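>>> one predicted model, sequence on top.
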Amino acid sequence: MQFNATLRSVQGSSASRRLRHAGRVPAIVYGGKDQPLNVELDHNEIYHALRKETFHSSILDMKIEGHDQQVLLRAVQWHPYKQLVMHVDFQRVSADQILHTKVPLHFINAETSPAVKLSAAIISHIFNEIDIACLPANLPAFIEVDLSKLIGGASIHLAEITLPKGVSYVPHGTDTNPVLVTAVVKGGGKDEAAADTAA
């Protein structure tokens, strides 16, 4: 995905307020061997870009002053109660440097799974994204989790899915094989029958 940026020469909170009043968004680009770069973005362009999932998990082409810079979205500051983007952080990407980022999980075939069709289970997503490490060329836009064989009361762990080539999971703490999704079967069948008998 591409977006446009221009260099920002004036800094500070008052300058940032003036930018926002003019429909611009202050941003910073950091990382790599170069110094941090202060830039500004068009609010409408960045607002609509941020609504797309791929903008959060893809290598982005930032066009600035006639040059292209590959970056990764790192942080977004929103107004506390208005639909306004206040500030954006980007990290430079180097082709030969491993990056760490979050990638969304796409759960597929839930409706046709035995858990839903036979057990009327509720599919509970424990994780909607995971942390990964990879080279920029191997960064996936998302990772699919196939639920077609999931049965009621069962779960799918990370080890049960195939990560894309060159991609590794970055665990938090000691859990290297977390549960990603579980099929929760509605209880109460036997209890209700027993209650009816007692009544």
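It's in.

>>> flag the shaky bits of the protein, pLDDT-wise.
Scanning the chain with the threshold set as pLDDT under 70 gives 188-199.

>>> domain ranges for the protein?
The record's domain parsing of the chain by the TED database lists 2-92, 99-185.

>>> want to try a markdown table for the ones you listed, with mean neighbour count as columns?
Every C-beta, even on glycine, is put in place using the N, C-alpha and C of the backbone. Supplementary listing: the domains of the chain in a markdown table, determined by neighbours: other C-beta atoms under 10 Å:
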| stretch | mean neighbour count |
| --- | --- |
| domain 2-92 | 15 |
| domain 99-185 | 15 |
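
>>> helices along the chain, start to end?
Secondary structure of the chain (DSSP state H): helices located at 13-21, 43-50, 53-57, 114-117, 189-198.

>>> please tabulate the ones you listed in a markdown table, including the columns distance to residue 108.
Formatted as a markdown table, the helices of the chain follow (distance: least, C-beta to C-beta, whole Å):
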| stretch | distance to residue 108 |
| --- | --- |
| helix 13-21 | 40 |
| helix 43-50 | 25 |
| helix 53-57 | 15 |
| helix 114-117 | 13 |
| helix 189-198 | 29 |
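
>>> residue 142: which of those is closest?
For residue 142, the closest of the helices of the chain is helix 53-57, at 6.7 Å, according to C-beta to C-beta.
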